[in-house]
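> sequence first, then the predicted structure:
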Amino acid sequence: MNEVWKKPPITLEAYRKLVGQEIGVSSWHLVDQNRIDVYADVIEDHQFIHVDPERARRETAFGTTIAHGFLTMSLLSIMSYEVMPLVEGVTMGVNYGFDRLRFISPVKSGSRVRGRFTLTEATLRKPGELLSRTAVNVEIEGEKRSALIADWLGLLYFS
């Protein structure tokens, strides 16, 4: 079993008291060329800026290949599992979308990224359904500017 699922759950009341607080910062995650290539194959986006290191070095201001923005975004899942608390009684959580998502800086191949999470809302929409809103900031190791910022929405369902 993945270690992130072994965290002890907290009560819904305790979760709601976390609104307005930074919940935590994930570990660093490597975005290497292999990860970029695999992602390119999955989404069928093989633009040279992602998959051709030599051409990217010659023809772009990046000096190397860069990750797809959506690859960086997709890493939010593992980052959030590391940081966000489990809530007692939740049977499933689903992505509800983003009210705001901006790709601020490119993630160069070989970089490491991590997510910083702040819970900004935890609203019961109806019995058994909680809307959770989290401000996320994906940092690039050694860089001043973030890779992305987002206002991420999720729904938690209770038994």
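Structure's in. What do you need?
> for residue 130, see how far away residue 153 is.
With distances taken as CB to CB, to the nearest Å, residue 153 is found 11 Å from residue 130. Backbone N, C-alpha and C define where each C-beta goes, glycine included.
> in terms of neighbours, single out the busier of those two.
residue 130 (21 against 16; other CB atoms under 10 Å).
> next, that one: phi, psi?
For residue 130, the backbone dihedrals (degrees, to the nearest 10) come out as phi -120, psi 130.
> give me phi/psi at the residue nearest to it when sequence neighbours are not counted?
Excluding the flanking residues, the one nearest residue 130 by CB to CB, 6 or more residues apart in numbering is residue 156, at 4.3 Å. Dihedral angles phi and psi of residue 156 (degrees, to the nearest 10) take the values phi -110, psi 130.
> who's residue 156 bridged to?
Per DSSP bridges, the residues bridged to residue 156 are residue 93, residue 130.
> for it, what are its contacts?
Counting by CB atoms under 8 Å, 6 or more residues apart in numbering, residue 156 touches 87, 90, 92-93, 129-130, 132.
> and residue 114, by the same measure?
Residue 114 sits next to 25-29, 79, 138-139, 141 when contact means CB under 8 Å, 6+ apart.
> which of those lies closest to residue 148?
residue 138 (4.7 Å; CB to CB).
> next, work out how far apart the closest one and residue 111 are.
Remark: distance between residue 138 and residue 111 (CB to CB) = 11 Å.
> count of residues packed around the nearest residue to residue 134 once chain neighbours are set aside?
The spatial neighbour of residue 134 that comes closest, neighbours along the chain excluded (CB to CB, 6+ apart), is residue 152 at 4.9 Å. Residue 152 has 22 neighbours, counted by other CB under 10 Å.
> which SS state does residue 152 fall under?
Classification of residue 152 using DSSP: H, G, I helix; E, B strand; the rest coil returns strand.
> residue boundaries of the helices in the protein?
Using DSSP state H, the helices assigned to the chain run over residues 12-16, 33-43, 48-51, 53-59, 69-74, 76-83.
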